[in-house]
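coords please:
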Amino acid sequence: MRQPPALIRAYLAFSRLSAPIWHAALKWRAKKGKEDPARLSERWGHPAQPRPEGELLWLHGVSVGEVTVLLTLLERLSQTRPQTHFLLTSITRAAADAMAKRQLPARVIHHYAPADYPGAVARFLDHWRPDAFVLSEMDLWPRLLAETHKRGIPMAIVNAHVTPRRLRNRKRAAKANGWLMDLFGEIHVQDDRSAALFAQIGAPMGKMQVTGLLKAASTPPPDHPQARAEIAAQIGDRPRWLAASTRTEEEAQVMQVHAQALAHCPDLLMIIAPRQLKDADRTEADARAVFDPARIARRSKGQPITAQTQVYIADSMGEMGVWLRLVPVAYPGQSLPLDGRVMTGKNPFEAVALGVLVVHGPHVANFRAAYDLLAEQGAALRVSDAKAMTDAVIAAQDPACRAPYLAGAAQVQAQVMAPLERAEQMICKMLPTDRCT
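Next comes the predicted model:
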């Protein structure tokens, strides 16, 4: 391992003294509901359960999106590598809550990642002794990565891409970023554009491979058939659409889209699933500013959908699979123009995988490769503004309107397995028993 740059040396030196800061910060976050008090010891490196005997692959993603990508990979690996156990770590409470609601693939253990100070990292690595490490996207904690590399554990990154904000931030510390990325033996990036941008922030060109969008091969979010049947019975045959993973800043505009659509389609129901459940009160307030309160129902309050309901606030954890299976058309959120705000889009592939027509705005910088892939096959409906979104939501209630887009989406689905296969091949080579059934 080459000499770390000054910024990394300073961070590693500070990390030796940072345990009290980590403990205080995590306890404060637990009081605010941002950490799980019952699992804080995991963040301090204390294991929640014994290490299974035999080969152990460690995979890490910071939050729900990254971990969901890894679950697709784990489902495949759990079948092709029956001798291997899997440790899946994450940082956020939202990811842990989402994992608790899913049936994890065989031999998968979910655990919080340790805080980035020497004691926690050492306890974590001493206990789990992983045979290889796979990181989803770019959650780079210097102490954890340096210690993992020092122990000779093979390391790789999958599904790496660069957002404009990340590019700006990492350009300021390109040497440090490059040193961290050079710890990995192989880096799978989503597209040529990402590879070129990674080179600007110090990534080693010789270790990067353009493999495509692993996220595009993601398994759809899980279904909850009983809950879905209950909601479907309440909706009946009404026209409906979903606004998913919306930010509070855009929800007033989304409400206006729905209000205008109702003028042409009076029975239309909107299900809105805000990105942050803690902001659902704000979502309800935005709905009440446009609609009669008697026309609004909320999942967390146990309120049913009736014939009078026009807006249903789906503020529940782990039920996105339910909402997507109930609608013919969805807006994945965060891509319509909004004065004074930079919108960057959300992952469209959960909807695509379930045969739902994706309608999106022009601002998709964080998922550019994904939307470009859909556009090439005519697999999603791009609109320029809220007025065009209204027209699209109304038109998409007609199966004949949706059909050509869904045909294109099916072609995309057939193309996106290659990144998954490349990731699996790489992992098999990293592990001591280099074989997959």
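
Run a quick neighbour tally on the closest residue to residue 109 other than its chain neighbours.
Nearest non-adjacent residue to residue 109, counting by C-beta to C-beta, 6 or more residues apart in numbering: residue 87, 5.3 Å away. Bear in mind the C-beta positions are built from the backbone N, C-alpha and C, glycine included. By other C-beta atoms under 10 Å, 21 other residues sit near residue 87.

Now do the phi/psi pair for residue 87.
phi -110, psi 120 (degrees, to the nearest 10).

gap between it and residue 418?
26 Å (C-beta to C-beta, to the nearest Å).

Next: residue 270.
Plainly put, residue 270 is 36 Å away from residue 418 if you go by C-beta to C-beta.

out of the two, which sits in the more crowded spot?
Taking neighbours as other C-beta under 10 Å, residue 270 and residue 418 compare with residue 270 leading, 25 against 14.

quick one: what helix or strand has the more buried one in it?
Applying DSSP states H and E as the criterion places residue 270 in strand 269-274.

on contacts alone, who are the packing partners of that strand?
strand 240-246, helix 248-264, helix 280-288, strand 311-313, helix 320-324 (3 or more C-beta pairs under 8 Å, 6 or more residues apart in numbering; DSSP states H and E).

Apply 10 Å and report the result again.
helix 225-235, strand 240-246, helix 248-264, helix 280-288, strand 296-298, strand 311-313, helix 320-324, strand 329-331 (3 or more C-beta pairs under 10 Å, 6 or more residues apart in numbering; DSSP states H and E).

Of those, which is nearest residue 73?
Closest to residue 73 of the helices and strands packed on strand 269-274 is helix 320-324 (C-beta to C-beta; 18.5 Å).

I figured residue 41 was touching residue 30, is that so?
No: Residue 41 is not in contact with residue 30 according to C-beta atoms under 10 Å; the separation is 11.3 Å.

higher neighbour count, those two?
Ranked by neighbour count (other C-beta under 10 Å), residue 41 and residue 30 place residue 30 first, with 17 against 14.

Walk me through the domains of this protein.
Following automatic domain parsing, one gets these domains for the chain: 6-212+418-430, 225-415.

Tell me, how many residues neighbour residue 94?
Neighbours of residue 94 using other C-beta under 10 Å come to 19.

Check the gap between it and residue 185 for me.
Look at residue 94 and residue 185: by C-beta to C-beta, they are 30 Å apart.

show me where pLDDT drops low in the stretch 101-250 of the chain?
Within the stretch 101-250 of the chain, the ranges that satisfy pLDDT under 70 run 164.

Would you map the helices across it?
For the stretch 101-250 of the chain, helices defined by DSSP state H, counting those that start in this stretch occupy the ranges 118-128, 142-150, 164-171, 174-181, 192-200, 225-235, 248-264.

centroid residue for the protein?
Residue closest to the mean C-alpha point of the chain, counted by C-alpha atoms, centre = their mean, is residue 65 at 1.0 Å.

any idea which helix or strand carries that one?
Using DSSP H and E, residue 65 sits within helix 64-80.

Only the buried residues of that helix, if you could.
Within helix 64-80, the residues scored as buried using 16 or more other C-beta atoms under 10 Å are 64-74, 76-78.

for that helix, packing partners?
strand 55-60, strand 84-90, helix 93-100, strand 108-112, strand 132-136, strand 155-160, helix 349-353, helix 418-430.

a markdown table for the ones you listed, including distance to residue 300?
Shown next, in a markdown table, are the helices and strands packed on helix 64-80 (distance: least, C-beta to C-beta, whole Å):
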| stretch | distance to residue 300 |
| --- | --- |
| strand 55-60 | 30 |
| strand 84-90 | 23 |
| helix 93-100 | 14 |
| strand 108-112 | 24 |
| strand 132-136 | 29 |
| strand 155-160 | 32 |
| helix 349-353 | 21 |
| helix 418-430 | 35 |
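
quick one: which of the domains of the chain is nearest residue 218?
Minimum separation from residue 218 across the domains of the chain (C-beta to C-beta) falls at domain 6-212+418-430, 4.6 Å.

any idea how far residue 26 is from residue 242?
Distance from residue 26 to residue 242, by C-beta to C-beta: 35 Å.

Tell me which of these two has more neighbours.
residue 242 (26 against 18).

list the contacts for residue 255?
Contacts for residue 255 (C-beta atoms under 10 Å, 6 or more residues apart in numbering) come out as 243, 270, 272, 283, 286, 287, 288, 289, 290, 291, 310, 311.

what's the nearest residue to it if we skip its chain neighbours?
residue 290 is the one closest to residue 255 (C-beta to C-beta, 6+ apart), at 4.5 Å.

Pretty sure that neighbour sits in a strand.
No: assigned with DSSP: H, G, I helix; E, B strand; the rest coil, residue 290 falls outside any strand and is coil.

show me what contacts it?
Applying C-beta under 10 Å, 6+ apart, we find residue 290 in contact with 252, 254, 255, 256, 258, 259, 262, 296, 310, 311.
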